[in-house]
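# what's the 3D shape of this:
(chains A and B)
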Amino acid sequence: MRQAGRRLGGQAVRKAGLAAVLLTAYPPNRLTAQDPARISETQSVLTTLVETYGVSEAEGPVREAVKRLLPPWVKSETDTAGNLWVRVGQGDPVVVVIAHLDEIGFRVTAIRDDGALELQPRGGFFASLYEAKPALVHTERGPVPGVFVPRDTGFSRHTPPPLRVDVGTTSRQATEALGIRPGHTVTMPKQFVRLAGTRATGRSFDDRVGSATLVLALRHLDRAAVKHQVIFIWSTREEIGLEGAQGAAAILGTTARRVHAVDTFVSADSPLELANFAVAPLGQGAAARALDQSSVTPPSYVDSLAAVAKARGVKLQIGTTMGGNDGSVFTRYGVVDVALGWPLRYAHSPAELVDLGDVASLADLVQAIAESW
Amino acid sequence: MLTAYPPNRLSAQTVDQLAVRLSAMTAVTGLEQAMADSLLLLVPGSARDRAGNVTLTLGAAGPKRLVACPLDEVGYVVGNVTDDGYLTVRRVGVRIAYPLFDQQLEGQPVTVFGAGGAAVPGVVAVKSTHLTRGRPAASDPVFTADNAYVDVGARSRDDVRALGIAVLAPVALTKRPHRYGDRLLAAPAAGRRAACAALVAAARVKPRVKGTVVVAFTVQSLYATNAGLSTVQALRGPFDETKQLTLATRYTDTAVETVSLKDAEELERELLKWMEGR
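Model (predicted):
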């Protein structure tokens, strides 16, 4: 892993005074008076997206939240896969920047005779992290609260028996009367919480952070500097197989030259992970996913990315991690995937943790790419 | 500091509201004094004894009766701070029914109570699914408190110290009481909190009691020899009758321990009858 650049895109992200941390501990998502404007804006956009629910195939609320956060000059459109598109500039080469709207969670598969819900996981995660926790069933009438039922047998680590949700009823009819039916999605309540310094935690940072950086880049974009077409896409169903991105890639075919998936760099900067690779420390800036399980960025493009970052003073780490990214489904059309991310601890858990300075750095990088690459 | 609600909105609270309010508080056994402070405000005329119990004496003469509710919970304290700013913990309290009690911490938001009771948010570290690299998840042993690394966003031991956190600071799952169904309440220790809420509600009515009734919210029920209740009995007894409050719970000792607030309301009615000797 190496670094390019020595500062954060002109947005000094220094750890706020620790005295401020105590003030922000409760309520947890208050901005600190010492926050630089860039951190404040990053937190504001990210909080809105993180506190909106949208399991794969139910991304509508997140898509609408993104639209509300976009600058007024933006014209957006939604394709048949539910992807949100914003086109900026004209001419070749066409460059795509893509982040996904959806989050991991569950889908109701059946309502039992005793009123409890049977579930199917959507995305890959340890189901045990949801066990014995509050639940929300997302219905057309709004969220219905319940609880993920704790197991009563098989007391192991990450492999509980299939999880169920108890919504406080004792019959199928009573559950149906709450407006619940198979196909509805299920999550647990979540909240953006500011931690010490510029750290923050919440659930679904993967990939609301990516989605937020596209919004931030558009807000600050110098449209006159964009010399070719750049397409910003917020995609659907990434967590269940990059499905939305596949639709977008098929629409564009060979038209696009380059794609930048903007998604989590799953970091081994954690007391629990092996330090063999993926050690992108938090607070050291955005991270290039030069190699993951779905794509390899050609070395010359990695060098170009590093040059863009260096020219704009954006802090960038370059490394390799695990997982797949939306950009990989464009490569079959001859589109080069230069995947970007930010270091995330505890990925796919309710305790995901980021450094807001890294998020701001990534937004600066997306903006720099649109304006100068 | 242990509750999201301002402390001066105490009037005319229903059992439901009190149960939610008390369930949002943290009182790790032996370290209950922040919650005791709240109870002193909630129950006019109450006082703290040398063990930290909160007691209120109603009426005079005999018979002399005691009604007690334990306010503590099984929880954790900071056991050590690593050089790179993580907190490790030890459990306090042992009487738990759920075999995976500690595992409920893994990958979850927690609150650390620092100097002056300041609530400092954090999370308990968990491996990323992405980085398990095909290793079978089933091979990991059950998570215990020894596996818990609390991340409060600090980068060093000095950062932790600046947050007001030191060894013995209480640590608990972040409390967000969750109502569902028909007046059900899910939260850690919800049964105890709802029972205490019924007792608070009954005491706040200022009932005309038969003889003397000592109302006690006791500490350290889950450690050693129930030192709190024993202290009340030693200092204020002997009692002609002792009533210890409990409520039936579902998913007992889990983070979604569930209690019926209808049951809590019924307990308040029964308590008033008992206090008044009806």
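# now the strands for chain B?
All strands of chain B, identified by DSSP state E, fall at B:47-48, B:54-59, B:64-70, B:75-81, B:86-92, B:109-113, B:119-124, B:149-151, B:170-173, B:178-180, B:184-186, B:212-218, B:241-244, B:258-260.
# ok, residue A:75 - how many residues close by?
If you count neighbours by other C-beta atoms under 10 Å in any protein chain shown, residue A:75 ends up with 9. The way it works is simple: take the backbone N, C-alpha and C, and place the C-beta from them, glycine included.
# how about the nearest residue to it, chain neighbours excluded?
residue A:86 (7.2 Å; C-beta to C-beta, 6 or more residues apart in numbering or on different chains).
# so the closest residue to chain B within chain A: helix, strand or coil?
Taking C-beta to the nearest C-beta, chain B has its nearest neighbour within chain A at residue A:168, 1.6 Å off. Of the three states, residue A:168 takes coil according to DSSP: H, G, I helix; E, B strand; the rest coil.
# report the separation between it and residue A:161.
21 Å (C-beta to C-beta, to the nearest Å).
# and those two? Which one has more around it.
More crowded of residue A:168 and residue A:161, by other C-beta under 10 Å: residue A:168, with 22 against 13.
# local confidence estimate at residue A:158?
The confidence metric pLDDT takes the value 79 at residue A:158.
# that's a strand at it, yeah?
No. Secondary structure of residue A:158, determined by three-state DSSP: coil, with no strand assignment.
# wait, it sits on residue B:140?
Yes. With contacts counted by C-beta atoms under 8 Å, residue A:158 reaches residue B:140, the gap being 6.2 Å.
# out of the two, which sits in the more crowded spot?
Using other C-beta under 10 Å as the criterion, residue A:158 and residue B:140 rank with residue A:158 on top: 23 against 18.
# quick check: phi and psi at that one.
The phi/psi pair for residue A:158 (degrees, to the nearest 10) reads phi -110, psi 10.
# then residue A:38?
According to degrees, to the nearest 10, residue A:38 has phi -70, psi -40.
# quick one on the thing from earlier: adding mean pLDDT, distance to chain A and mean neighbour count, write the strands of chain B out as a markdown table.
Output for the strands of chain B, formatted as a markdown table (pLDDT from 0 to 100; distance: least, C-beta to the nearest C-beta, whole Å; neighbours: other C-beta atoms under 10 Å in any protein chain shown):
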| stretch | mean pLDDT | distance to chain A | mean neighbour count |
| --- | --- | --- | --- |
| strand B:47-48 | 98 | 24 | 14 |
| strand B:54-59 | 97 | 23 | 21 |
| strand B:64-70 | 97 | 22 | 24 |
| strand B:75-81 | 98 | 12 | 20 |
| strand B:86-92 | 97 | 6 | 22 |
| strand B:109-113 | 98 | 6 | 25 |
| strand B:119-124 | 98 | 3 | 27 |
| strand B:149-151 | 98 | 5 | 23 |
| strand B:170-173 | 98 | 9 | 24 |
| strand B:178-180 | 98 | 4 | 22 |
| strand B:184-186 | 98 | 5 | 26 |
| strand B:212-218 | 98 | 24 | 25 |
| strand B:241-244 | 96 | 26 | 15 |
| strand B:258-260 | 98 | 7 | 24 |
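# for the residue of chain B found nearest chain A, which non-adjacent residue is spatially closest?
Residue of chain B nearest chain A, by C-beta to the nearest C-beta: residue B:181 (1.6 Å). Distance criterion C-beta to C-beta, 6+ apart; nearest residue to residue B:181, sequence neighbours excluded, is residue A:168 at 1.6 Å.
# distance between the ends of stretch A:75-87?
Length of stretch A:75-87, first residue to last, C-alpha to C-alpha, to the nearest Å: 8 Å.
# next, the buried residues of that stretch.
Buried residues in stretch A:75-87, counted by 16 or more other C-beta atoms under 10 Å in any protein chain shown: A:81-86.
# now swap in stretch A:148-167 and tell me
Those buried within stretch A:148-167 under the rule 16+ other C-beta under 10 Å are A:148-151, A:156-158, A:160, A:163-167.
# what's the farthest-apart pair in the residues you listed?
A:157 and A:167 (27.0 Å; C-beta to C-beta).
# residues of the stretch 201-350 of chain A that sit close to chain B?
A:201, A:266, A:268, A:270-274, A:278, A:283, A:321-323, A:344-350 (C-beta under 8 Å from any C-beta of the partner chain).
# name the residues of the strand or helix carrying residue A:359 that are buried.
Using DSSP states H and E, residue A:359 sits in helix A:356-372. Neighbour-count burial for helix A:356-372 flags A:356-371 (criterion: 16+ other C-beta under 10 Å).
# tell me where the model's unsure across the chain.
Just going to use chain A. Chain A contains residues with pLDDT under 70 at A:1-34.
# nope, chain B please
Low-confidence regions of chain B, defined by pLDDT under 70, span residues B:1-12, B:133-138.
# if you set the cut-off to 90 instead, what comes out?
In the predicted model of chain B, residues B:1-13, B:62, B:93-97, B:116-117, B:129-141, B:206, B:222-226, B:278 satisfy pLDDT under 90.
# how about the spatially closest residue to residue B:143 that is not a sequence neighbour, what does it touch?
Counting by C-beta to C-beta, 6+ apart, residue B:103 is the residue found nearest to residue B:143 once chain neighbours are left out, at 4.0 Å. Neighbour list for residue B:103: A:128, A:157, B:142-144 [criterion: C-beta atoms under 8 Å, 6 or more residues apart in numbering or on different chains].
# so who does the residue nearest to residue B:181 touch?
A:146, B:180-182, B:184 are the contacts of residue A:168 under C-beta under 8 Å, 6+ apart.
# would you list the phi and psi of it?
The phi and psi values for residue A:168, taken as degrees, to the nearest 10, are phi 90, psi 20.
# quick check: it vs residue A:107, distance?
Residue A:168 sits 20 Å away from residue A:107, going by C-beta to C-beta.
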